[in-house]
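Q: following is a predicted model, sequence given first.
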Amino acid sequence: MSKSMFEVYLNEVTDEALRAKLKAEYERTTKKFGLVFERHSPEGIRMPQAQVRRGRTVIREADGTFHKVRAISGDAVTLADEHGNVIEEKVANVTAARQFGEVVFPGLKSVGSVRTGKPESPAHVVINGENFHALEMLGYTHPESVDLIYIDPPYNTGNKTWQYNDHYVAEQDSFRHSKWLSFMERRLTLAKKLLKRTGVIIVAIGDEEHHRLRMLMDEIFDDQNFLANITWQGSGKNDSRYTAGGVDYMLTSAYPVSSGCVSDTQKRAPNRPVRRRTLPGTPK
């Protein structure tokens, strides 16, 4: 049986774990249908309340790059970047950080509350933090228990409104779309675990990433569970180059089930009459 050149080169890799990872990535990126994009290295974030420790990740404030701490001596720290290059820096010039894949134990700390209803009434909770960590934590506390998820992510317009790995993603960045897809894929995958089996997710988006987001959601939630592409017209611009713009979208999908979306007929109890609400002035 003939082999491709990739398979020939792959067999030369002696590390079995690395060989398996390379094969899986090759098969993913060479698929003929669906959304194909370069998955970028996991993001990292500052953890300013964490201590700088040997063996952990830090951000060097001078250039925003990630390093591992090799050693700490007084107010000096020895750092190594991803290529193994070693530099000396002051502890005051680095901030503790974590890259996705590193162990983080997120928790909630109450900083205040506002109550206007009865003490026994349910209350809303606002979580201020890295959204990936918040979603990861909710996956332990509220799996398959959320009716509706609404996400208003960065629109990736290239106007320095979104950061990836502590750097603004500019319009000239040739990888800005794949960075955005990597960012969204991780969070949508976590959000999926929170939905009830009758749950719905709505994601707001603009023209820049609308078509890519639709394909990504079809892969994560299955295209059979797509519900609607809702559009709403905001304020346009008179100085726009081609059209006034101002249109935003809300892509809506249901919880993925093996047989596609559960229809309204399947959700109703047997022999239960269907009641329809008619608006005044609407023909019956």
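A: Noted; the coordinates are in hand.
Q: so where's the stretch 51-200 of the chain shaky on pLDDT?
A: Across the stretch 51-200 of the chain, the ranges flagged by pLDDT under 70 are 160-168, 170-171.
Q: burial measure for residue 143, as a count.
A: Residue 143 has 12 neighbours, counted by other C-beta atoms under 10 Å. For glycine as for every other residue, the C-beta is placed from the backbone atoms N, C-alpha and C.
Q: what do you get for the one 5 residues further on?
A: For residue 148, the neighbour count with other C-beta under 10 Å is 11.
Q: who are the packing partners of the helix or strand that residue 20 is a member of?
A: Using DSSP states H and E, residue 20 sits in helix 16-29. For helix 16-29, the elements it packs on are helix 5-10, judged by 3 or more C-beta pairs under 8 Å, 6 or more residues apart in numbering; DSSP states H and E.
Q: what's in contact with the helix it packs on?
A: For helix 5-10, the external contacting residues (C-beta atoms under 8 Å, 6 or more residues apart in numbering) are 19, 22, 23, 26.
Q: so what's residue 18 up against?
A: Per C-beta under 8 Å, 6+ apart, neighbours of residue 18: none.
Q: per-residue confidence for it?
A: Here, the pLDDT recorded for residue 18 equals 89.
Q: relative to residue 45, how far out is it?
A: 27 Å (C-beta to C-beta, to the nearest Å).
Q: and residue 249, by the same measure?
A: Distance from residue 249 to residue 45, by C-beta to C-beta: 28 Å.
Q: try residue 189
A: 18 Å.
Q: all strands of this structure, in order?
A: Assigned by DSSP state E, the chain shows strands spanning 44-46, 57-60, 65-73, 76-80, 86-90, 94-99, 146-151, 159-164, 167-170, 195-205, 226-233, 247-254.
Q: I'd like the ones you listed as CSV, with distance to residue 182 appended.
A: Shown next, in CSV, are the strands of the chain (distance: least, C-beta to C-beta, whole Å):
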stretch, distance to residue 182
strand 44-46, 13
strand 57-60, 19
strand 65-73, 16
strand 76-80, 25
strand 86-90, 28
strand 94-99, 13
strand 146-151, 16
strand 159-164, 8
strand 167-170, 11
strand 195-205, 16
strand 226-233, 22
strand 247-254, 18
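Q: out of those, indicate the one that is most buried.
A: strand 57-60 (a mean of 22; mean count of other C-beta atoms under 10 Å).
Q: identify the residues contacting that one?
A: With C-beta under 8 Å, 6+ apart, strand 57-60 has contacts from 44, 46, 52, 65-69, 77, 79, 89, 93-99, 102, 166.
Q: what residues sit buried inside the helix of greatest length in the chain?
A: For the chain, the longest helix by residue count, based on DSSP state H, is helix 176-194. Neighbour-count burial for helix 176-194 flags 176-188, 190-192, 194 (criterion: 16 or more other C-beta atoms under 10 Å).
Q: do you know how far the residue lying closest to residue 206 once chain neighbours are set aside is from residue 177?
A: The shortest distance from residue 206 to any residue other than its chain neighbours is 4.2 Å, reached at residue 155 (C-beta to C-beta, 6 or more residues apart in numbering). Using C-beta to C-beta, we find residue 155 at a distance of 12 Å from residue 177.
Q: ditto for residue 10
A: Residue 10 is 28 Å from residue 177, by C-beta to C-beta.
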